[in-house]
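A.B. asks: what follows is a predicted structure for the sequence shown.
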Amino acid sequence: MARTRAADYDDKRNAILNRSAALFAAKGIDRAAMSEVARACGVSKALLYHYYASKEALVFDIIHAHLSELDEAIAEADAPDLAPDQRLRALVRRTLEAYRDANDKHKVQLAGVPALPADKAEAIKAIERRIVRRYSDALLAVNPDLNRDRPLLRPVTMSLLGMLNWVYMWFRPDGPISREDYADIAATLVLEGVKAVR
(Lines give C-alpha, C1' and ligand atoms only; values in the text may rest on other atoms or scores of the structure.)
Protein backbone atom coordinates (compact mmCIF):
# COMPACT_ATOMS: atom_id res chain seq x y z
CA MET A 1 0.00 0.00 0.00
CA ALA A 2 1.31 3.46 -0.89
CA ARG A 3 2.37 5.67 1.97
CA THR A 4 0.05 8.65 2.47
CA ARG A 5 1.46 12.14 2.59
CA ALA A 6 1.29 13.95 5.94
CA ALA A 7 -0.99 16.99 6.15
CA ASP A 8 1.98 19.23 6.96
CA TYR A 9 4.25 17.78 4.25
CA ASP A 10 4.44 21.01 2.22
CA ASP A 11 5.09 23.16 5.30
CA LYS A 12 7.92 20.86 6.41
CA ARG A 13 9.33 20.77 2.89
CA ASN A 14 9.32 24.58 2.67
CA ALA A 15 11.00 24.86 6.07
CA ILE A 16 13.68 22.41 4.91
CA LEU A 17 14.23 24.41 1.72
CA ASN A 18 14.56 27.71 3.59
CA ARG A 19 16.86 26.43 6.32
CA SER A 20 18.98 24.42 3.90
CA ALA A 21 19.38 27.45 1.66
CA ALA A 22 20.56 29.50 4.65
CA LEU A 23 23.12 26.83 5.55
CA PHE A 24 24.35 26.40 1.97
CA ALA A 25 24.62 30.16 1.50
CA ALA A 26 26.63 30.58 4.70
CA LYS A 27 28.84 27.50 4.51
CA GLY A 28 28.90 26.53 0.86
CA ILE A 29 27.09 23.65 -0.78
CA ASP A 30 30.14 21.39 -0.99
CA ARG A 31 31.14 21.90 2.63
CA ALA A 32 27.70 21.28 4.18
CA ALA A 33 27.04 17.61 4.93
CA MET A 34 23.51 16.24 4.98
CA SER A 35 23.89 15.61 8.73
CA GLU A 36 24.50 19.36 9.16
CA VAL A 37 21.51 20.14 6.94
CA ALA A 38 19.33 17.90 9.11
CA ARG A 39 20.54 19.67 12.28
CA ALA A 40 19.95 23.11 10.73
CA CYS A 41 16.43 22.02 9.77
CA GLY A 42 15.69 20.55 13.19
CA VAL A 43 14.91 17.12 11.76
CA SER A 44 16.53 13.72 11.86
CA LYS A 45 18.75 12.66 9.00
CA ALA A 46 16.24 9.89 8.26
CA LEU A 47 13.40 12.41 7.96
CA LEU A 48 15.53 14.65 5.74
CA TYR A 49 16.16 11.70 3.43
CA HIS A 50 12.40 11.05 3.40
CA TYR A 51 12.04 14.42 1.70
CA TYR A 52 15.27 14.45 -0.31
CA ALA A 53 17.22 11.38 -1.40
CA SER A 54 20.42 13.40 -1.92
CA LYS A 55 22.01 16.81 -1.50
CA GLU A 56 21.76 17.23 -5.27
CA ALA A 57 17.98 16.74 -5.12
CA LEU A 58 17.74 19.27 -2.30
CA VAL A 59 19.85 21.86 -4.11
CA PHE A 60 17.80 21.38 -7.27
CA ASP A 61 14.52 21.86 -5.38
CA ILE A 62 15.78 25.03 -3.67
CA ILE A 63 16.71 26.55 -7.02
CA HIS A 64 13.68 25.24 -8.89
CA ALA A 65 11.22 26.50 -6.26
CA HIS A 66 12.96 29.89 -6.10
CA LEU A 67 12.96 30.42 -9.86
CA SER A 68 9.45 29.06 -10.32
CA GLU A 69 8.14 31.58 -7.79
CA LEU A 70 10.06 34.36 -9.55
CA ASP A 71 8.79 33.26 -12.97
CA GLU A 72 5.18 33.21 -11.73
CA ALA A 73 5.52 36.63 -10.07
CA ILE A 74 6.98 38.18 -13.22
CA ALA A 75 4.30 36.58 -15.39
CA GLU A 76 1.60 38.06 -13.15
CA ALA A 77 3.21 41.51 -13.31
CA ASP A 78 3.72 41.51 -17.07
CA ALA A 79 1.11 43.62 -18.81
CA PRO A 80 1.85 44.01 -22.55
CA ASP A 81 -1.12 46.38 -22.84
CA LEU A 82 0.65 48.97 -20.65
CA ALA A 83 2.83 51.67 -22.17
CA PRO A 84 6.26 50.06 -22.78
CA ASP A 85 8.00 52.16 -20.10
CA GLN A 86 5.37 51.26 -17.50
CA ARG A 87 5.47 47.60 -18.47
CA LEU A 88 9.22 47.45 -17.88
CA ARG A 89 8.93 49.33 -14.59
CA ALA A 90 6.30 46.85 -13.41
CA LEU A 91 8.58 43.92 -14.23
CA VAL A 92 11.53 45.46 -12.40
CA ARG A 93 9.46 46.31 -9.32
CA ARG A 94 7.98 42.81 -9.16
CA THR A 95 11.37 41.15 -9.62
CA LEU A 96 12.92 43.08 -6.76
CA GLU A 97 9.90 42.37 -4.58
CA ALA A 98 10.22 38.65 -5.37
CA TYR A 99 13.88 38.84 -4.31
CA ARG A 100 12.91 40.15 -0.87
CA ASP A 101 14.03 37.60 1.73
CA ALA A 102 15.42 35.35 -1.02
CA ASN A 103 19.15 36.15 -0.73
CA ASP A 104 20.07 32.66 0.48
CA LYS A 105 18.17 30.95 -2.32
CA HIS A 106 19.72 33.31 -4.83
CA LYS A 107 23.23 32.42 -3.60
CA VAL A 108 22.39 28.72 -3.88
CA GLN A 109 21.19 29.31 -7.44
CA LEU A 110 24.42 31.02 -8.45
CA ALA A 111 26.62 28.35 -6.88
CA GLY A 112 24.47 25.28 -7.41
CA VAL A 113 23.39 25.25 -11.05
CA PRO A 114 26.87 24.47 -12.44
CA ALA A 115 27.08 21.39 -10.17
CA LEU A 116 23.73 19.92 -11.25
CA PRO A 117 23.56 17.08 -13.78
CA ALA A 118 22.68 18.12 -17.32
CA ASP A 119 18.97 17.25 -17.18
CA LYS A 120 18.40 19.14 -13.93
CA ALA A 121 20.49 22.11 -15.09
CA GLU A 122 18.42 22.22 -18.28
CA ALA A 123 15.17 22.34 -16.27
CA ILE A 124 16.55 25.37 -14.40
CA LYS A 125 17.80 27.02 -17.57
CA ALA A 126 14.36 26.63 -19.16
CA ILE A 127 12.86 28.78 -16.39
CA GLU A 128 15.69 31.29 -16.69
CA ARG A 129 15.08 31.54 -20.44
CA ARG A 130 11.37 32.30 -19.86
CA ILE A 131 12.31 35.12 -17.51
CA VAL A 132 14.90 36.51 -19.94
CA ARG A 133 12.39 36.29 -22.82
CA ARG A 134 9.78 38.27 -20.89
CA TYR A 135 12.31 41.03 -20.18
CA SER A 136 13.55 40.99 -23.79
CA ASP A 137 9.99 41.39 -25.07
CA ALA A 138 9.44 44.36 -22.77
CA LEU A 139 12.73 46.00 -23.78
CA LEU A 140 12.01 45.45 -27.46
CA ALA A 141 8.69 47.23 -26.98
CA VAL A 142 10.63 50.20 -25.51
CA ASN A 143 13.11 50.27 -28.40
CA PRO A 144 12.36 48.13 -31.47
CA ASP A 145 15.75 49.13 -32.91
CA LEU A 146 17.55 46.89 -30.43
CA ASN A 147 17.42 44.03 -32.91
CA ARG A 148 17.45 45.97 -36.15
CA ASP A 149 21.02 46.51 -37.36
CA ARG A 150 22.99 44.80 -34.61
CA PRO A 151 21.92 42.11 -32.11
CA LEU A 152 21.78 44.38 -29.05
CA LEU A 153 18.68 43.01 -27.36
CA ARG A 154 20.44 40.24 -25.46
CA PRO A 155 23.28 42.42 -24.11
CA VAL A 156 20.78 45.06 -22.94
CA THR A 157 18.49 42.44 -21.38
CA MET A 158 21.34 40.72 -19.56
CA SER A 159 22.70 44.07 -18.36
CA LEU A 160 19.37 44.89 -16.71
CA LEU A 161 19.01 41.43 -15.21
CA GLY A 162 22.59 41.66 -13.95
CA MET A 163 21.73 44.85 -12.08
CA LEU A 164 18.76 43.14 -10.46
CA ASN A 165 20.40 39.78 -9.77
CA TRP A 166 23.35 41.27 -7.90
CA VAL A 167 21.36 43.69 -5.76
CA TYR A 168 21.55 41.24 -2.85
CA MET A 169 25.30 41.93 -2.62
CA TRP A 170 24.89 45.54 -1.54
CA PHE A 171 21.25 46.40 -0.79
CA ARG A 172 20.33 46.82 2.88
CA PRO A 173 16.69 47.25 3.99
CA ASP A 174 17.81 49.84 6.55
CA GLY A 175 19.94 51.70 3.98
CA PRO A 176 19.36 55.11 2.41
CA ILE A 177 16.94 53.88 -0.28
CA SER A 178 14.04 51.46 -0.27
CA ARG A 179 13.67 48.43 -2.52
CA GLU A 180 10.96 50.34 -4.41
CA ASP A 181 13.29 53.35 -4.83
CA TYR A 182 15.97 51.14 -6.31
CA ALA A 183 13.46 49.51 -8.67
CA ASP A 184 12.68 52.99 -10.03
CA ILE A 185 16.38 53.88 -10.28
CA ALA A 186 17.27 50.68 -12.15
CA ALA A 187 14.31 51.02 -14.50
CA THR A 188 15.10 54.68 -15.19
CA LEU A 189 18.77 53.96 -15.90
CA VAL A 190 17.81 51.33 -18.44
CA LEU A 191 14.86 53.18 -19.94
CA GLU A 192 16.77 56.41 -20.45
CA GLY A 193 19.80 54.58 -21.78
CA VAL A 194 18.06 52.00 -23.95
CA LYS A 195 16.28 54.62 -26.00
CA ALA A 196 19.68 55.87 -27.17
CA VAL A 197 21.17 52.45 -27.94
CA ARG A 198 21.60 51.93 -31.67
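C.D. replies: Happy to help now that I have it. Numbering: from 1, shown residues only.

A.B. asks: going forward, measure contacts and count neighbours with C-alpha atoms only.
C.D. replies: OK.

A.B. asks: okay, the closest residue in space to residue 93 that isn't next to it in sequence: pLDDT?
C.D. replies: Nearest non-adjacent residue to residue 93, counting by CA to CA, 6 or more residues apart in numbering: residue 183, 5.2 Å away. The score at residue 183 is 94. That number is its pLDDT.

A.B. asks: hmm, residue 183 is touching residue 89, no?
C.D. replies: Yes: A contact is recorded between residue 183 and residue 89 when judged using CA atoms under 8 Å, the distance being 7.4 Å.

A.B. asks: how close does residue 127 sit to residue 103?
C.D. replies: As defined by CA to CA, to the nearest Å, residue 127 lies at a distance of 18 Å from residue 103.

A.B. asks: now do residue 20
C.D. replies: Between residue 20 and residue 103 the distance, using CA to CA, works out to 13 Å.

A.B. asks: more neighbours: these two, which one.
C.D. replies: Neighbours of residue 20 and residue 103, each counted by other CA atoms under 10 Å, are more numerous for residue 20; the result is 28 against 18.

A.B. asks: what's the more buried one in contact with, if anything?
C.D. replies: For residue 20, the contacting residues are 37, 40, 41, by CA atoms under 8 Å, 6 or more residues apart in numbering.
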